[in-house]
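Engineer: below: sequence and its predicted model.
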Amino acid sequence: MADQVQYTLERMIPVLEDLIIAGIFTRAEVKSIIEKRRDFEYLINRPGKERQDFIKYIQYEIKLDQLIKQRMNRLGIKHSPSQFQGIKRIHTLFRSAVGRFKSDTSLWLQFMDFQIRCGSHTSVARTFAEALALHPTHIGLWLLAAGWEYTQNYNMNQARALLQRAIRLNSESADLYYEYCRLELMYLEKVKARIEFAKKNGVEDVAGEEKKEKEEKEEKDSDDSDNSDDSGEGSEEGIDLDALPDAEEKKGATPGYTQSSDIFLSGEVPRIVYASAVKALPSDLSVYQTFISIFRKFPGTEASVDRVYSDIHEKFGSDSTAFIFLCQRPIHEFYENKMREFLDDKEDDEESHDDSSSAEEARELEWVDVDVAFDGEYVEALDKTLENFGKDQELLKTNSVAMFGYLHFLLDQYKKFSVKPNENILVMEKLQQKVNEVYEWKKASKECSPSSILSIALFFLSTSKISLAFEVLEHGTTQNPTQPLLWAERLKLLWLFRNEPSSPEIDLPSLLSLYETALVAIEKSADPKSPEAKITKQKHILRIYSQILTILVTEGEDYSRFKKWYRRACNLTVAQEVLVEFKQDMLELVLKNLNIQDASDFCTYSISFPPLTAKYLSKVIAFEKNNTSNSVSVDPFRLTQLYNMAIEKFGTNDHQIWLDYIMWEQSQKNFKEANSLYWRAIKALATPETFIQKHHQLVNAQEQ
């Protein structure tokens with residue numbers, strides 16, 4: 001290994017001497033570079049070499065190459081015999097790295113990114129071929145290779161061939177179909193623009209103009225292989241497909257489309273890609289929806305969009321999700337038209353700046369700011385959408401998914417128009433009527449999802465229809481007596497609106513009795529199988545307890561009743577993190593609202609219920625130290641007990657508890673005890689360095 005390292009370093013001598021002669025580096029700097037490279041060479045040549053060894057070496061060489069370029073610019077040196085040696089060296093290191101770690105796709109991607117940024121077109125083509133041969137199922141590599149061929153190598157045929165081969169090898173990857181369709185649409189738009197330009201300027205041979213442009217580009221990049229490719233091999237036009245794994249395809253079978261082809265110009269190629277995608281993924285509705293979104297971003301694709309909608313209607317006619325999507329077509333088309341107008345305006349603005357990429361950049365936008373409240377076209381689209389929903393009311397009444405989707409649409413539309421209600425009274429009244437219809441359907445239906453019931457209730461509440469909101473929630477808790485979310489919302493609103501004329505009359509005893517009924521029903525119900533759903537249920541149950549305790553505190557009820565409900569909540573079998581959050585919230589509630597004597601008693605009472613956290617105990621200790629009155633004073637013995645409990649439970653990792661305890665003892669003039677605590681802390685803490693540093697800072701601050 002030492003001989004190999006020495007040989008590699010000796011080969012660097014001519015380049016380093018040239019840098020010294022040019023005045024770019026001094027001999028001392030070159031010596032430092034050699035030492036650094038020697039260390040890196042030993043790392044990458046050892047038997048147990050790691051990926052990070054190559055990465056660090058490459059990062060060092062990149063920074064060194066940047067430094068050389070900066071000094072050349074500063075010294076006014078335009079050319080140097082060693083000007084491109086740094087790039088070649090980085091290429092060599094990357095090749096060694098990917099050769100050693102062939103399965104590391106991130107390393108391949110870093111290598112390709114470096115080559116693209118350096119303009120190493122010949123080298124990057126070979127790297128893409130090697131990477132794809134090793135990782136034929138890595139979708140990102142195929143997309144990156146095809147994107148490079150189209151955008152930087154200007155080779156549409158090669159980009160098309162790459163994506164076709166990728167699809168053959170990964171026929172169930174929807175992303176490949178999406179990008180292939182988008183690529184064909186972009187190319188079609190480009191060809192149409194060139195034909196239009198040729199007609200305006202009297203150019204007859206568009207293909208000849210393209211060929212001339214291609215030759216000029218190749219001539220411009222002809223020096224890339226000499227300057228940046230470390231392989232020393234001949235240049236290539238593009239990615240060598242023969243080096244890739246074949247997918248039962250015949251050589252030369254890739255179809256080509258000429259500019260004069262009527263089939264190509266009619267947009268048939270993207271439709272063929274779409275047909276292949278839905279044939280491979282026939283039951284995935286999102287594939288159809290994504291293709292609609294892709295087609296709509298390009299002009300002249302109305303026939304393609306109609307075809308996709310027709311296929312959805314034919315293949316997903318009985319699917320409720322598809323029904324919701326199809327009904328909203330007028331709304332979607334409205335937004336797409338507004339997007340198209342925005343893109344056209346953007347293109348017109350950018351044409352004056354001669355920026356050909358503006359259209360593609362603008363097309364990436366997914367949203368246009370449209371003030372729907374003042375747009376008559378949007379209201380018309382909304383009417384058509386509601387009419388579509390009304391065509392199959394039987395499905396909406398009997399299918400809970402379709403009903404909830406319809407309800408969500410209505411509520412979303414109402415929210416948009418409610419921004420300026422005075423200008424949209426008629427539309428909002430129509431939407432309110434539709435929501436009322438959905439509620440009537442729900443009352444007649446046996447299926448009643450809690451989320452939809454809650455959405456309807458909150459909608460009525462937002463429109464000041466309080467009595468209807470209570471009616472909805474009462475109906476929901478009757479049909480879903482084990483749903484804590486509905487109970488929590490219903491009981492909270494009962495107390496919050498108890499003084500409203502349209503609200504049911506209720507006093508505190510009746511409310512607590514209703515809370516008791518809810519908790520008995522909820523706690524007896526079976527827990528969900530999913531851990532996440534189980535924790536969510538526990539949080540909702542403790543939310544109900546929090547509401548009870550908050551009411552008791554704010555209404556000045558007997559403190560003993562508060563303790564009873566608190567004990568009942570803490571004795572529930574719930575996840576530890578859920579109970580910790582509940583206890584912390586209740587402590588904050590008590591310290592803000594109860595008198596000092598009751599609050600102090602609660603602190604003592606609450607720490608008897610596990611779990612305890614350092615944050616909780618610190619809060620209790622801070623309250624005991626800082627809150628006194630004429631009848632209650634600081635109890636040193638009690639504080640000592642609390643501090644000892646804290647360091648017993650958390651003294652291994654929490655240095656702040658030790659510091660607070662020491663400072664407390666010093667404030668009480670117990671210097672001997674404070675010194676003893678200092679040494680106990682050093683022994684108890686797993687990492688006492690931070691504690692020692694903080695303690696010294698506190699001591700120095702006191703001395704000053």
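Structural biologist: Great, that's in hand.
Engineer: state the helix or strand in which residue 137 lies.
Structural biologist: Assessed by DSSP states H and E, residue 137 sits outside every helix and strand.
Engineer: you'd agree residue 492 is up against residue 547?
Structural biologist: Yes. Contact status for residue 492 versus residue 547: in contact at 5.6 Å, counting by Cβ atoms under 8 Å. Every C-beta, even on glycine, is put in place using the N, C-alpha and C of the backbone.
Engineer: pLDDT on the helix ranked longest in the chain, on average?
Structural biologist: Across the chain, the longest stretch assigned as helix under DSSP state H is helix 174-201. The average pLDDT for helix 174-201 rounds to 90.
Engineer: go on, stretch 279-292?
Structural biologist: In this model, stretch 279-292 has a mean pLDDT of 93.
Engineer: before we move on, what about stretch 72-79?
Structural biologist: Averaged over stretch 72-79, pLDDT sits at 84.
Engineer: got a list of contacts for stretch 457-476?
Structural biologist: The contact list for stretch 457-476 (Cβ atoms under 8 Å, 6 or more residues apart in numbering) reads 411, 414, 418, 432, 435, 439, 442-443, 448, 450, 453-454, 456, 483, 486, 489-490, 493-494, 497, 500, 502-504.
Engineer: measure it end to end?
Structural biologist: 9 Å (Cα to Cα, to the nearest Å).
Engineer: that stretch: which residues count as buried?
Structural biologist: By neighbour count on 16 or more other Cβ atoms under 10 Å, the buried set for stretch 457-476 is 457-461, 463, 465-466, 468-473, 475-476.
Engineer: looking at those residues, spot the one nearest residue 113.
Structural biologist: residue 458 (48.9 Å; Cβ to Cβ).
Engineer: how distant is the longest helix of the chain from the center of its chain?
Structural biologist: Relative to its chain's centre, helix 174-201 lies at 31 Å (Cα atoms, centre = their mean, to the nearest Å).
Engineer: give me the helices and strands touching it, please.
Structural biologist: helix 139-151, helix 156-169, helix 206-220, helix 262-265, helix 268-280, helix 285-296 (3 or more Cβ pairs under 8 Å, 6 or more residues apart in numbering; DSSP states H and E).
Engineer: now that helix: buried residues?
Structural biologist: 174, 176-189, 191, 194.
Engineer: how about stretch 474-494?
Structural biologist: Of the residues in stretch 474-494, 475-477, 479-494 count as buried by neighbour count, 16+ other Cβ under 10 Å.
Engineer: end to end, how far does it reach?
Structural biologist: 11 Å.
Engineer: then stretch 455-470?
Structural biologist: 12 Å.
Engineer: let me see the mean pLDDT of it.
Structural biologist: If you average the pLDDT over stretch 455-470, you get 87.
Engineer: chain center to that stretch: distance?
Structural biologist: That offset, for stretch 455-470, works out to 33 Å (Cα atoms, centre = their mean).
Engineer: secondary structure element for residue 437?
Structural biologist: Assigned by DSSP H and E, residue 437 belongs to helix 425-444.
Engineer: show me the shaky parts of this protein.
Structural biologist: Confidence mapping of the chain against pLDDT under 70 gives the ranges 203-261, 342-374, 445-448, 628-633, 704.
Engineer: helices of the stretch 1-150 of the chain, residue ranges please.
Structural biologist: 2-11, 13-21, 27-45, 51-75, 85-100, 105-118, 121-134, 139-151 (DSSP state H, counting those that start in this stretch).
Engineer: out of the ones you listed, nearest to residue 553?
Structural biologist: helix 105-118 (55.2 Å).
Engineer: show me the contact partners of that closest one.
Structural biologist: Outside helix 105-118, the residues that reach it (Cβ under 8 Å, 6+ apart) are 51, 54, 62, 87, 90-91, 94-95, 97-98, 101, 123-124, 127-128, 131, 134-135, 138, 140-141, 144, 148, 152, 228.
Engineer: just to revisit the earlier point, now the angle from the longest helix of the chain to helix 139-151?
Structural biologist: 10 degrees (axes from the mean of the first three to the mean of the last three Cα atoms, to 10 degrees).
Engineer: please produce JSON lines containing the helices of the stretch 1-150 of the chain, extended by distance to residue 680.
Structural biologist: Shown next, in JSON lines, are the helices of the stretch 1-150 of the chain (distance: least, Cβ to Cβ, whole Å):
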{"stretch": "helix 2-11", "distance to residue 680": "53"}
{"stretch": "helix 13-21", "distance to residue 680": "59"}
{"stretch": "helix 27-45", "distance to residue 680": "45"}
{"stretch": "helix 51-75", "distance to residue 680": "41"}
{"stretch": "helix 85-100", "distance to residue 680": "52"}
{"stretch": "helix 105-118", "distance to residue 680": "48"}
{"stretch": "helix 121-134", "distance to residue 680": "59"}
{"stretch": "helix 139-151", "distance to residue 680": "56"}
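Engineer: comparing those, which comes out most buried?
Structural biologist: With neighbours defined by mean count of other Cβ atoms under 10 Å, none of the helices of the stretch 1-150 of the chain is more surrounded on average than helix 121-134, at a mean of 22.
Engineer: quick one: list the elements packing against it.
Structural biologist: Applying 3+ Cβ pairs under 8 Å, 6+ apart, we find helix 121-134 packed against helix 85-100, helix 105-118, helix 139-151, helix 224-228.
Engineer: centre of the chain to it, how far?
Structural biologist: 31 Å.
Engineer: which SSE is residue 686 in?
Structural biologist: Per DSSP H and E, there is no helix or strand for residue 686.
Engineer: quick one, helices of the stretch 301-450 of the chain?
Structural biologist: 302-315, 320-327, 329-351, 358-363, 376-390, 393-398, 400-417, 425-444, 450-462.
Engineer: of those, which is nearest residue 561?
Structural biologist: Closest to residue 561 of the helices of the stretch 301-450 of the chain, according to Cβ to Cβ: helix 450-462, at 29.4 Å.
Engineer: what does stretch 139-156 rub up against?
Structural biologist: 105, 108-109, 112, 116, 121, 124-125, 128, 131-132, 135, 158-160, 162-163, 166, 170, 173, 175-176, 179, 183, 186-187, 213-214, 217, 237-239.
Engineer: can we see that at 7 Å?
Structural biologist: 105, 112, 116, 121, 124, 128, 131-132, 135, 158-159, 162-163, 166, 170, 173, 175-176, 179, 183, 187, 214, 217, 238-239 (Cβ atoms under 7 Å, 6 or more residues apart in numbering).
Engineer: and the next helix or strand past the helix or strand where residue 537 lies?
Structural biologist: If you go by DSSP H and E, residue 537 is part of helix 531-554. Note on helix 531-554: by DSSP H and E, the next helix or strand toward the C-terminus is helix 559-570.
Engineer: thought residue 325 was touching residue 289?
Structural biologist: Yes. Using Cβ atoms under 7 Å, residue 325 is in contact with residue 289, at 6.5 Å.
Engineer: show me which of those two is the more surrounded one.
Structural biologist: Between residue 325 and residue 289, residue 325 has the larger neighbour count (other Cβ atoms under 10 Å), namely 20 against 16.
Engineer: pull the distance from stretch 138-157 to the chain's centre.
Structural biologist: On Cα atoms, centre = their mean, the centre of stretch 138-157 falls 26 Å from that of its chain.
Engineer: repeat that for stretch 609-623.
Structural biologist: 35 Å.
Engineer: what comes into contact with that stretch?
Structural biologist: Contacts of stretch 609-623 (Cβ under 7 Å, 6+ apart): 570, 576, 579-580, 583-584, 587, 591, 599, 603, 607, 639, 642-643, 645-646, 649-650, 654, 657.
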